[in-house]
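> Okay, here's the prediction I keep looking at, along with the sequence it came from:
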Amino acid sequence: MIPLMNIERQYEIIKKELDEATIRVLSSGKYIMGENVKEFEKEFSEYMEVKYAIGVGNGTDALVIALRACGIKAGDEVITCAMSFFATAEAISSVGAIPVFVDCTSDTYTIDASKIEEKITEKTKAIIPVHLYGQCADMDEINEIAKKYNLLVIEDVAQAAGATYKGKKAGSLGDIACVSFFPTKNLGCAGDGGMILTDSEDLVKKCHAYRVHGSGLDGKYTYESINKITDAESIDFGENLPKYYNFLIGYNSRLDEIQAAILRVKLKKLDKWNKTRETIAKRYSDLINNNLIIKPICKEGRSHIYYTYVIKTENREKLREELTKAEISSGVYFPVPLHLQKVYEHLGYKKGDMPNAESIANDSLAIPIFPELINEEQDKVIEVLNKYVG
């Protein structure tokens with residue numbers, strides 16, 4: 001079976017480097033917040049062209065902590081795209097805020113910036129654009145709207161580490177950004193992991209506080225900032241470690257030292273892997289010539305790193321059957337748009353409210369793409385798609 005994604009092949013190629021990096025951590029006895037986390041935060045922030053990076057437990061935690069750091073609270077509204085993984089909306093709800101959904105575009109499948117302004121109310125505090133499938137949203141338009149209404153922009157970069165927008169890296173385009181290192185991502189670890197990115201010293205201190213139980217000097221700073229006071233209690237830590245003094249209800253969300261060591265190895269190879277994905281995607285786009293299949297596009301001024309290569313066809317399930325018969329895996333991202341998820345029924349959305357997102361949910365299909373996918377496998381995928389008659 002030709003897999004949709006295959007991380008085993010990647011591991012076999014860099015097995016020696018990953019094994020050595022992992023063993024060094026195990027031998028060190030330093031498993032939490034060690035040198036690998038510090039160095040990876042530095043290396044990743046430089047790669048992503050931002051000042052600060054904060055390693056956390058996973059991409060969902062990154063979103064929750066970023067929202068908390070931005071002061072998003074119960075009753076606030078946060079605008080985001082109806083077409084995304086559930087974590088985008090779940091994080092908004094987790095801090096007590098209300099997700100407000102906007103349709104995506106019909107071509108890039110990212111949030112339709114032209115529909116954002118009509119959803120803004122007095123309760124709106126932020127916009128979360130999702131760089132879906134490996135391509136950036138319309139960030140110039142989004143940032144212009146955010147500036148006009150004094151809103152924060154929180155980038156969801158879970159699927160787009162390494163993608164660019166008009167020469168700038170995804171994750172450097174808003175106030176704060178969130179990345180996932182889930183194993184199948186273009187830059188994936190061997191478990192869960194996430195990162196928060198920002199140029200703001202204020203936000204980085206608050207993220208540091210929230211990721212470790214709201215404690216320490218950063219917890220004190222955040223407490224004082226939230227309550228608009230300075231040095232309220234003149235705390236004398238004495239001989240005690242500041243980490244045992246808690247000022248906020250935070251989280252236990254830290255990037256593991258082993259995962260950081262693995263990611264340090266992989267980061268050096270990310271651009272090469274992304275380029276290979278682009279090459280495979282171009283080959284698909286050039287050689288798939290079936291009018292029944294709509295291929296993804298890369299909008300001018302952007303790079304597309306193809307976390308997934310998502311096509312559309314009206315009779316998706318029949319095409320999936322044909323691919324399965326030919327021993328080719330496929331996948332659906334995501335079959336239920338966020339505004340129609342059962343958990344958000346109380347928000348009052350209905351079918352037809354987000355026609356583009358609903359069309360993508362019904363008709364889209366991801367086909368195999370990963371750097372180690374060989375030409376013969378690509379040829380087989382192309383052949384089956386070109387022979388498909390609906």
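Perfect, I can see it now.
> any idea of the pLDDT on residue 228?
Looking at residue 228, its pLDDT is 89.
> can you check residue 231 too?
So residue 231 comes in at 66 (pLDDT).
> Could you do the one 3 residues further on as well?
In this model, residue 234 is scored at 69, pLDDT.
> Likewise for residue 242?
So residue 242 comes in at 88 (pLDDT).
> That one contacts residue 216, correct?
Yes. Counting by CB atoms under 8 Å, residue 242 does reach residue 216; the two are 4.1 Å apart. (C-beta placed from N, C-alpha, C; glycine too.)
> Would you mind telling me which of these two has more residues around it?
residue 216 (20 against 13; other CB atoms under 10 Å).
> Could you list every helix and strand in contact with the host helix or strand of residue 376?
According to DSSP states H and E, residue 376 maps onto helix 375-387. Judged by 3 or more CB pairs under 8 Å, 6 or more residues apart in numbering; DSSP states H and E, the packing partners of helix 375-387 are helix 270-287, helix 316-325.
> where's it relative to the chain centroid, distance-wise?
29 Å (CA atoms, centre = their mean, to the nearest Å).
> buried stuff in it?
The neighbour-count check on helix 375-387 (16 or more other CB atoms under 10 Å) flags 377-378, 380-382, 384-385 as buried.
> Report the angle between that helix and helix 270-287.
Relative orientation of helix 375-387 versus helix 270-287 (axes from the mean of the first three to the mean of the last three CA atoms, to 10 degrees): 40 degrees.
> Please verify my assumption that residue 168 contacts residue 136.
No. In this structure residue 168 lies outside contact range of residue 136 using CB under 8 Å: 9.0 Å.
> Between these two, which is the more surrounded one?
Ranked by neighbour count (other CB under 10 Å), residue 168 and residue 136 place residue 136 first, with 30 against 13.
> The more buried one reaches residue 160, doesn't it?
Yes. Using CB under 8 Å, residue 136 is in contact with residue 160, at 6.5 Å.
> and for the two, which residues touch both?
residue 170 (CB atoms under 8 Å, 6 or more residues apart in numbering).
> OK, contacts around residue 129?
Contacts of residue 129 (CB under 8 Å, 6+ apart): 80-81, 110-111, 137-139, 142, 153, 155-156, 174.
> Can you give me the neighbour number for residue 117?
14.
> now it: how far from residue 252?
39 Å (CB to CB, to the nearest Å).
> Quick check: closest non-adjacent residue to the residue positioned nearest the centre of the chain.
Central residue of the chain (CA atoms, centre = their mean): residue 158, 1.2 Å from the mean position. Spatially, and ignoring its direct neighbours in sequence, residue 158 is nearest to residue 180 (3.9 Å; CB to CB, 6 or more residues apart in numbering).
> Please tell me how far that neighbour sits from residue 346.
27 Å.
> State the pLDDT value of the residue nearest to residue 158.
For residue 180, pLDDT reads 98.
> beta partners for it?
residue 194 (DSSP bridges).
> mean confidence score for stretch 17-32?
Here the average pLDDT along stretch 17-32 is 97.
> Sorry, wrong one. I was asking about stretch 157-165.
On average, stretch 157-165 scores 98.
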